[in-house]
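J.: The sequence and its predicted three-dimensional model are supplied below.
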Amino acid sequence: MSAAAEDVVTEVPTVEAVSKRAMTLGLGTSIALLAALIIVPLFVKNFIIFQMTMLLIYGLAVLALNILTGGSGQFSLGQSAFYALGAYTSAILMEHANMNYALSLPIAGLISFAAGFLFGLPALRLSGVYLALATFALATTIPQVLKLGFLEPWSGGVQGLVVTKPDAPFGLPISQDMWLYYFTLAITLAIYVGSVNLLRSRSGRAFMAIRDNEIAASAMGVDVALYKTLAFGVSAGITGIAGGLGAIVVQFVAPDGYTIALAISLFLGMVVGGVGWLPGSFIGAAFTIFVPNIAEDIHKGLSGAVFGALLFIVIFLVPHGARQLIASLEGRLSRKSPDRLRR
Amino acid sequence: MTAMLNIRDLRAYYGQVQALRGINFSLNEGSMTTLLGANGAGKTTTLRAICNMVRWTGAIEVEGKPLNGRTTEGVVRLGIAHVPQGRGTFTTMTVEENLQLGAITRTDKKEIASDIERMYDHFPVLKKRYTQQAGTLSGGEQQMLAVARALMLRPRLMLLDEPSFGLAPLIVRDLFKILGKINREDKVTILVVEQNAQLALELADQAYVIETGRIVMSGNANEIANNEDVRKSYLGY
Amino acid sequence: MELFTNQVLAGIATGAIYACMALAVVMIYQAIDHLNFAQGEMAMFSTFISWQSMQWGVPYWGAFLVTLAFSFAGGILIERLLFKPLAKAPVLTNVAGFIALYAIINSVAGLIWDFTIKQYPTPFGSSPFLGSQLISTHQAGMIGVTVLLLIALYFFFQFTRMGLAMRAAASLPESARLVGINTSWMIALGWGMAAAIGAIAGMLIAPVVFLEPNMMGGVLIYGFAAAVLGGLTSPLGAVIGGFLVGVFENLAGTYIPGVGNELKLPIALALIITVLVVRPAGLFGQPIVKRV
């Protein structure tokens, strides 16, 4: 037996597995949803369109976190850092280099990808609680870094930068908000489909093998280091693009818009939507955007408590997130047995 | 003789998978019984069902008391000690602390202290190492410790899951000798689950053979050991 | 050299805050294997209870004891009502629960007592300790209480039956059940004890940082960091970790150019992460062997 005084643990996966079939919505649901996303903005006010756009953007950020945590099992409370990086990259390129907003996005994505990949390297040795702390450190550092004096000519310091809102191209007769919505929708769909394919691909299987049992995965020849850092990179890249979109749509970037509170919101969005379930990212994003407002409407002084209470109700009813709810609804509608849910 | 343990139509499930398909057997008070079978046959599952560590249906009674709905610790407090597969030793605690934990539900301090001394008599090697961390003991020593810990409960019924696993044959012989002694002198009813059929059949009075979740053979241990067909078909020797 | 010594001493003084909080963090980690993000808020709320009692005329030590009892009971209640139902839920869902608890407690405290800062008394006075300009009697008292707590916890865990049972339940829950321990109640007890220790931390910290609903936000992070640095399985490590974090924070602020107040926390965290990369179990933690 072992000679040292060690605690032997059999690794119980921190992140539960989601079966591949359960990873997306059924075909019928997807089509209906897509139709709604395309048609609804034609009939509502600009402000609602703006909110829908923000929903897609936060949904993207939560999706990125889902790939990282639900996919490769790495816990991150630091996504706000990559979101900020993407946002500022876009803002600086647009305002200081006069770059076209659409071009700034891939650059924002690439820079964030690189940052994520680089962060993933030292993070290889950390997991669980320790990784949470490290990502937390990253998230708390970024707003401070953005306020640093010597960066001010570029970053705008504490005041931040104002971003010019783009017009619809080719002189199309639609409002800026509507154009930005469809622009965002297109990007979101592309990233969503790409992510689903990624998780279904060999790389995706590698991620999930690592999530479920890192030692076994490594023993089976999975290059754990490569895939873990890759997951961080991809996740950061998508978050960066979301950040860039956010900067364009909100027309503004400032250090205090990217605090740890944002990272925590994204985390909650992931849990509420269902960890590892990509469609849930948007449901979770909706939760974190709208429920705090609802809470404030219910009782201004106790808005935090109401939010907390609502959050508790949600996690008591559906501990596995919206995925649990949708799966059982879909099951009842099609009268098949529901997708295998691990409890 | 009162039945110490009575099991009727026991079915057990791991999630959707059914591991036991209707087991029936009973143990008389003071008996030494062995439950044999191949890997995956359901031996461990049976013990786990008794301690409510797995989902089960049917009837399990200990000294007439039904075990339905009790928690694992509740079952233990009825006087059932379970030495699990892998021993479940508290590796970061000392040998003596492990023994104290065996008696954690008892309140008779003086008796506990004298019981610890009795354990050191049964297993002198433990006395030598009583302040050592349990994780530093050898396999055989840890098995002795696990048995001793179980005995600290002053159990009515003791369940042992593959106590011979990973141990050298001579050590297993010693261990089984001690088990026999405990059964006779302390009047503890014992149910031993084993893959090592030969030694187990030498030790026990009664034997049951389980295969894919059902009992396929039961009877006197000696008769089963001497029955060549049974040995070849079910016990592999 | 004298500046260095002074900064180290000052660091030890502030580190006492982190050490105390870190003890509560380790306590809860031992019980439930997670870090409870709402622990700081629970400590803050307990401190407010004590403050309120004193407003109603209860003398300091009476309020102290009442608050301890209230916190212990409160911790158990919160666990039984809010987290026992989540026992079978995934870990991340539990984390969301901690965040929800944080929001609730912070908000309720803000409503009852509002966000203006309040003075909180210390039983140790605030004159210079033994003439030193850097450590006040209060800070010396903090260090003293933290060390006493540590010793008390050590005795509890090593020499009492309840302590032994709790250690067993935390170490191997299934084996603990097999010797008859009600592991579910051990968790509840862990919460109660962590809440009580947190209350002590809050009541010691409040005289220094002033009492208001957001007072524990920063402290909790330092407490986590200190606990992780020391090794999450070691109360002694947590305390030493707390002092180390305090010292390092002070030295970094003094000697590294450009490190103002805003960058102190990230630097401290960076240090801890560096330590972890080298020693993943922390300075005093037991290395964890993972089996497939």
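T.: Nice, thanks for sending it over.
J.: just the strands in chain B please.
T.: Ranges of strands in chain B, per DSSP state E, are B:3-14, B:17-28, B:32-36, B:55-62, B:65-66, B:80-83, B:157-161, B:189-194, B:206-211, B:214-220.
J.: Check which helices and strands the strand or helix carrying residue C:6 is in contact with.
T.: Per DSSP states H and E: residue C:6 is located in helix C:2-32. Using 3 or more Cβ pairs under 8 Å, 6 or more residues apart in numbering or on different chains; DSSP states H and E, the elements in contact with helix C:2-32 are helix C:39-55, helix C:137-159, helix C:161-171, helix C:183-209, helix C:216-230, helix C:235-255. C-beta coordinates here come from the backbone N, C-alpha and C atoms, glycine included.
J.: Nearest to residue B:101 among those helices would be which one?
T.: helix C:161-171 (5.3 Å; Cβ to Cβ).
J.: Just the buried residues of the next helix-or-strand element following the closest one, please?
T.: Next helix or strand after helix C:161-171 toward the C-terminus (DSSP H and E): helix C:173-178. Residues of helix C:173-178 classed as buried: C:173, C:175, C:176, C:177, C:178 (neighbour count, 16 or more other Cβ atoms under 10 Å in any protein chain shown).
J.: Also stretch A:137-151?
T.: A:137, A:138, A:139, A:140, A:141, A:142, A:143, A:144, A:146, A:147.
J.: Rebuild the buried residues of helix C:173-178 as TSV, extending it with distance to residue C:124 and pLDDT.
T.: TSV is the format used below for the buried residues of helix C:173-178 (distance: Cβ to Cβ, whole Å; pLDDT from 0 to 100):
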residue	distance to residue C:124	pLDDT
C:173	41	90
C:175	44	93
C:176	40	94
C:177	44	95
C:178	47	95
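J.: Distance to chain B added to the residues you listed, as JSON lines?
T.: As requested, these are exported to JSON lines (distance: Cβ to the nearest Cβ, whole Å):
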{"residue": "C:173", "distance to chain B": "10"}
{"residue": "C:175", "distance to chain B": "4"}
{"residue": "C:176", "distance to chain B": "8"}
{"residue": "C:177", "distance to chain B": "4"}
{"residue": "C:178", "distance to chain B": "5"}
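J.: ok, so of those, who is nearest residue A:252?
T.: Lowest distance from residue A:252 to the buried residues of helix C:173-178 (Cβ to Cβ) belongs to residue C:173, with 50.5 Å.
J.: any idea how far that closest one is from chain A?
T.: As judged by Cβ to the nearest Cβ, to the nearest Å, residue C:173 and chain A stand 11 Å apart.
J.: Was I right to think that residue contacts residue C:183?
T.: Yes - assessed by Cβ atoms under 8 Å, residue C:173 is found in contact with residue C:183 at 4.7 Å.
J.: quick revisit: dump the strands of chain B into CSV; add mean pLDDT as well.
T.: As requested, these are exported to CSV (pLDDT from 0 to 100):
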stretch, mean pLDDT
strand B:3-14, 92
strand B:17-28, 91
strand B:32-36, 93
strand B:55-62, 93
strand B:65-66, 92
strand B:80-83, 95
strand B:157-161, 94
strand B:189-194, 93
strand B:206-211, 90
strand B:214-220, 89
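J.: one step back: just the ones of the buried residues of stretch A:137-151 in helices?
T.: Among these, DSSP state H puts A:137, A:138, A:139, A:140, A:141, A:142, A:143, A:144, A:146 in helices.
J.: Tell me how far the first one lies from chain B.
T.: It refers to residue A:137. Applying Cβ to the nearest Cβ to residue A:137 and chain B gives a distance of 30 Å.
J.: Secondary structure element holding the closest residue in space to that residue that isn't next to it in sequence?
T.: Of all residues not flanking residue A:137 in the chain, residue C:269 sits nearest, at 3.4 Å (Cβ to Cβ, 6 or more residues apart in numbering or on different chains). Under the criterion of DSSP H and E, residue C:269 resides in helix C:261-278.
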